[in-house]
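Participant: Model the structure of this input:
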Amino acid sequence: MRSRLVAPVVLAFFITAACGGKEGSSQVEGGSAANGNGTAGGFTLGNGSGSGNGTGSSTGGDGNAFDPNSACATTSADGEPVPVDLYFMVDTTGSMDCPVPDNGPCDMPPPLQPGMESRWTVVSAALKAFIADPANSGLGVGIRFFPVADMGGRMGGGGNNNNATCSVASYLAPTVEISPLPGSAAALTSAINMQSPSGTTPTVPSITAALTHATTWALANPSHRVAVVYATDGYPNGCNGNTIQAAAALAKQGFDSNPSIPTYVLGVGPNLANLEQIAASGSNGKTKAFLVDTTQNAAAQLSTALASIRSNAVLDCTYTIPAPPKGQTFQPGQVNVDYTSSKGVTTSIKQDPQGVACSAGSGWQYSADGKQINLCGAACNAVKADPGGKMQVLFGCATQVGNPPK
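Facilitator: Residues are numbered from 1 along each chain as shown. You can find the predicted model right below:
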């Protein structure tokens with residue numbers, strides 16, 4: 001059985017002895033060698049005492065003083081890895097049949113000549129390669145395509161919302177439901193192979209449906225990190241209210257909601273700069289659109305873009321706090337965070353002061369429900385830059401709080 005693809009940063013949780021003594025032990029680590037309160041790991045233990053004899057330090061002063069290099073862990077619990085799911089909403093409109101490399105405007109795609117490739121052939125090949133890549137084993141992937149035919153069997157796209165093309169309901173059901181790779185690879189590849197580009201671009205209905213389904217999935221799978229990948233080659237076309245600004249507002253709403261659903265934008269074709277609005281809104285300004293210049297090597301660019309999207313989704317900065325051992329309680333004011341780089345250098349990360357938004361912070365914060373730890377600003381960037389490092393959450397010492405941002 002293959003494991004799910006999760007953020008490669010290891011999160012280890014240490015239950016500590018309040019930087020004091022531990023009951024029935026001669027080892028005193030990082031705290032007073034006299035009597036200890038017995039509070040451990042942010043979890044409440046009974047009163048205890050310990051002597052200064054043993055393998056640990058026999059001195060330490062204030063039992064609440066935080067020393068990241070002290071060996072005050074007595075037991076440990078692994079943080080639960082967060083499964084990552086990507087839900088693809090993929091453009092199969094008529095312009096996807098435009099040839100690549102692009103040599104000019106392509107409103108009406110000409111017939112492809114032998115040996116020529118289209119936007120769709122390079123996009124579909126890149127998607128299938130992504131699905132088949134062993135590096136993505138465990139990654140949850142689902143897919144849906146747009147547009148659909150209207151009720152009369154023609155490809156819709158008129159300026160009204162009465163046909164199937166402009167209906168959100170047309171895109172709510174996934175073509176292939178989110179499921180871990182490689183188990184879902186055959187169904188995903190088959191679905192891609194069945195597509196035939198045609199029609200116009202219902203951006204707002206399709207992105208609404210993608211965010212709705214991703215949110216429904218995230219609510220049903222609360223331990224998962226879920227994101228939308230919106231792949232398109234053009235601006236909105238047809239349907240009332242079908243604008244970049246409306247799509248960007250929907251992406252922002254999805255990101256700001258609980259659960260938060262980020263939107264990654266993959267643009268294929270020329271003159272797609274306005275898609276940056278959707279990407280920025282769907283990531284709180286943290287991620288740009290991945291725009292593929294089809295006058296260049298589109299296949300290589302698509303491969304790089306998909307790998308970047310995977311990395312951005314997997315290397316997130318949210319970590320689940322495990323449930324405390326039976327009979328013990330979590331103490332949120334006795335938690336500290338260390339980061340040890342892949343080179344073995346340990347840095348203490350202080351909690352951001354109360355009231356500081358994570359986007360403006362540089363340390364760590366609890367999630368709104370208190371069940372996760374979010375790294376913010378510079379701390380998050382450091383983790384993303386060094387996926388071989390290890391995150392440690394130390395329990396039992398008074399939380400160290402950083403200075404307010406200037």
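Participant: Name the helix or strand for the one residue sitting closest to the centre of the chain, please.
Facilitator: In the chain, the C-alpha nearest the mean C-alpha coordinate belongs to residue 313, at 3.5 Å (Cα atoms, centre = their mean). Counting by DSSP states H and E, the element that carries residue 313 is helix 298-314.
Participant: Show me the contact partners of that helix.
Facilitator: The contact list for helix 298-314, computed with Cβ atoms under 8 Å, 6 or more residues apart in numbering, reads 5-8, 84, 86, 100-101, 117, 119, 122-123, 125-127, 129-130, 135-136, 139, 225, 227, 229, 262, 264, 266, 268, 287, 290, 292-293. Heads up, the C-betas are built off the backbone N, CA and C, glycines and all.
Participant: What residues sit buried inside it?
Facilitator: The neighbour-count check on helix 298-314 (16 or more other Cβ atoms under 10 Å) flags 298, 299, 301, 302, 303, 305, 306, 309, 310, 312, 313, 314 as buried.
Participant: Same check on stretch 196-208?
Facilitator: For stretch 196-208, by 16+ other Cβ under 10 Å, it's 197, 198, 199, 200, 201, 202, 203, 204, 205, 206, 207, 208.
Participant: Can you add secondary structure and give the residues you listed back as TSV?
Facilitator: Formatted as TSV, the entries for these read as follows, by DSSP: H, G, I helix; E, B strand; the rest coil:
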residue	secondary structure
197	coil
198	coil
199	coil
200	coil
201	coil
202	coil
203	helix
204	helix
205	helix
206	helix
207	helix
208	helix
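Participant: which one of those residues is nearest residue 169?
Facilitator: Nearest to residue 169 out of the buried residues of stretch 196-208 is residue 205 (Cβ to Cβ; 8.7 Å).
Participant: Flag every buried residue along stretch 170-182.
Facilitator: For stretch 170-182, a neighbour-count test (16+ other Cβ under 10 Å) marks 170, 171, 174, 175, 176, 177, 178, 180, 181, 182 as buried.
Participant: The residue nearest to the centre of the chain and residue 394: what is the separation?
Facilitator: As judged by Cβ to Cβ, to the nearest Å, residue 313 and residue 394 stand 28 Å apart.
Participant: Equivalent analysis for residue 102, please.
Facilitator: As judged by Cβ to Cβ, residue 102 and residue 394 stand 54 Å apart.
Participant: ok, now residue 261?
Facilitator: 31 Å.
Participant: quick one: which of these two has more around it?
Facilitator: residue 394 (28 against 25; other Cβ atoms under 10 Å).
Participant: any idea of the mean pLDDT for stretch 345-359?
Facilitator: For stretch 345-359, mean pLDDT rounds to 86.
Participant: Can you give the contact residues for it?
Facilitator: The contact list for stretch 345-359 (Cβ under 8 Å, 6+ apart) reads 66, 68-69, 284-285, 335-341, 361-365, 374-377, 379, 382, 399-405.
Participant: quick one: low-confidence parts of the stretch 251-400 of the chain?
Facilitator: Low-confidence segments of the stretch 251-400 of the chain (pLDDT under 70): 314-316, 322-328, 368-369, 387.
Participant: In the chain, what residue spans correspond to helices?
Facilitator: 119-132, 185-193, 203-220, 244-256, 275-281, 298-314, 377-385 (DSSP state H).
Participant: So for residue 96, which of those helices sits nearest?
Facilitator: Across these, closest to residue 96 is helix 119-132 (Cβ to Cβ), at 4.0 Å.
Participant: How far off centre is stretch 281-291?
Facilitator: Using Cα atoms, centre = their mean, to the nearest Å, the distance from the centre of stretch 281-291 to the centre of the chain it belongs to is 13 Å.
Participant: Could you give me the buried positions within it?
Facilitator: By 16+ other Cβ under 10 Å, the buried positions in stretch 281-291 come out as 281, 282, 283, 287, 289, 290, 291.
Participant: wait, what's in contact with the second one?
Facilitator: Residues in contact with residue 282 (Cβ under 8 Å, 6+ apart) are 228, 248, 251, 252, 254, 255, 262, 263, 264, 265.
Participant: what do you get for the fifth one?
Facilitator: Taking Cβ under 8 Å, 6+ apart, we find residue 289 in contact with 265, 266, 267, 272, 275, 276, 278, 279.
Participant: what about 10 Å?
Facilitator: 230, 232, 263-267, 272-280, 282-283, 305 (Cβ atoms under 10 Å, 6 or more residues apart in numbering).
Participant: are any of those residues buried, and which?
Facilitator: For the contacts of residue 289, a burial check counting by 16+ other Cβ under 10 Å picks out 230, 232, 263-267, 272, 274-280, 282-283, 305.
Participant: how much space between residue 209 and residue 235?
Facilitator: Using Cβ to Cβ, residue 209 is found at 18 Å from residue 235.
Participant: Who has more neighbours out of the two?
Facilitator: The residue with more neighbours, out of residue 209 and residue 235, is residue 209; 23 against 17, by other Cβ under 10 Å.
Participant: ok, now which ones touch that one?
Facilitator: Shown in contact with residue 209 (Cβ under 10 Å, 6+ apart): 89, 144, 146, 167-174, 202, 228.
Participant: List the ones among these that fall in strands.
Facilitator: Using DSSP state E, the members of these that fall in strands are 89, 144, 146, 228.
Participant: Model confidence at residue 79, what's the number?
Facilitator: Looking at residue 79, its pLDDT stands at 45.
Participant: Likewise for the one 4 residues further on?
Facilitator: At residue 83, the predicted lDDT confidence score is 80.
Participant: Thought residue 181 was touching it, still the case?
Facilitator: No. With contacts counted by Cβ atoms under 10 Å, residue 83 stays clear of residue 181, the gap being 11.7 Å.
Participant: Pipe the buried residues of stretch 281-291 into TSV and attach distance to residue 218 per row.
Facilitator: Below are the buried residues of stretch 281-291 laid out as TSV (distance: Cβ to Cβ, whole Å):
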residue	distance to residue 218
281	18
282	14
283	16
287	18
289	22
290	22
291	27
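Participant: which among those residues gets closest to residue 329?
Facilitator: Distances from residue 329 to the buried residues of stretch 281-291, taken by Cβ to Cβ, are shortest for residue 283, at 35.8 Å.
Participant: Which residues are in contact with the closest residue to the closest one other than its chain neighbours?
Facilitator: Leaving aside its chain neighbours, residue 283 sits nearest to residue 262 (5.2 Å; criterion: Cβ to Cβ, 6 or more residues apart in numbering). Going by Cβ under 10 Å, 6+ apart, residue 262 touches 214, 225-229, 251, 254-255, 279, 282-284, 286-287, 312-313, 316.
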